[in-house]
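> Attaching a predicted model along with its sequence, questions to come.
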Amino acid sequence: MSTDTPIYMTPACAKQMRAELKDLLYVKRPDTVRRVSDAAAEGDRSENAEYIYGKRYLRKIDSRIHFLTKRIENAEIVDPVAQGKTAAGRVLFGATVSVEDEEREKIIYCIVGVDEYNGAKGLVSWQSPIGMALMRKEVGDVAIVKTPSGTRELEILAIEYKPIPGVEIISRV
């Protein structure tokens, strides 16, 4: 993992990651270790499916624990409300941005971290094409978004800094 790029996340994302880590460390891992130990006690491990799959699942849990631990340790947690006090009317991480596209359709995007994006809910990563195009823009500016299907123009109608709803980290285990 490159340490050149900051790992920004909202407080809600950090809270959810900590909750998942706690569940893995204190619930899922001990339960899996117990099941693997019970399966190992049954004898021949080479043909014991519960033992083999239990060990595999334990490796996945350990990998996710490692990932979450490093992610949380290196995260820069940014509260959108506090960010708004220093934003000076510009789009920064944590902004909720109302835009209008070429077809006069109004869309709302929330600029979030890479771990919390969800396009269906309007949560876009600050490193995505839309997020990068919107960053540092002000109300009235037009952001040019380069996508695989062509370029889009988004006129910025409003910028707000408020708690971001709908952050949901999908567990990889």
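All right, it came through fine.

> list the buried ones in the longest strand out of those in the chain?
Using DSSP state E to define each element, the chain has its longest strand at strand 150-161. By neighbour count on 16 or more other Cβ atoms under 10 Å, the buried set for strand 150-161 is R152, L154, E155, I156, I159, Y161. C-beta here means a position set from N, CA and C on the backbone, and glycine is covered the same way.

> One more: stretch 73-91?
In terms of neighbour count (16+ other Cβ under 10 Å), stretch 73-91 has its buried residues at A75, V78, P80, Q83, G84, A87, R90, V91.

> Pull out the buried residues from whichever strand or helix holds R64.
Assigning secondary structure by DSSP states H and E places R64 in helix 49-74. By 16+ other Cβ under 10 Å, the buried positions in helix 49-74 come out as Y51, G54, Y57, L58, I61, R64, I65, L68, R71, I72.

> And those residues, which two are furthest apart?
Greatest spatial distance in those: Y51 and I72, 31.5 Å, computed using Cβ to Cβ.

> for the most centrally placed residue in the chain, helix, strand, or coil?
The centre of the chain sits closest to D115, judged by Cα atoms, centre = their mean, with a distance of 1.6 Å. At D115, secondary structure determined by DSSP: H, G, I helix; E, B strand; the rest coil is coil.
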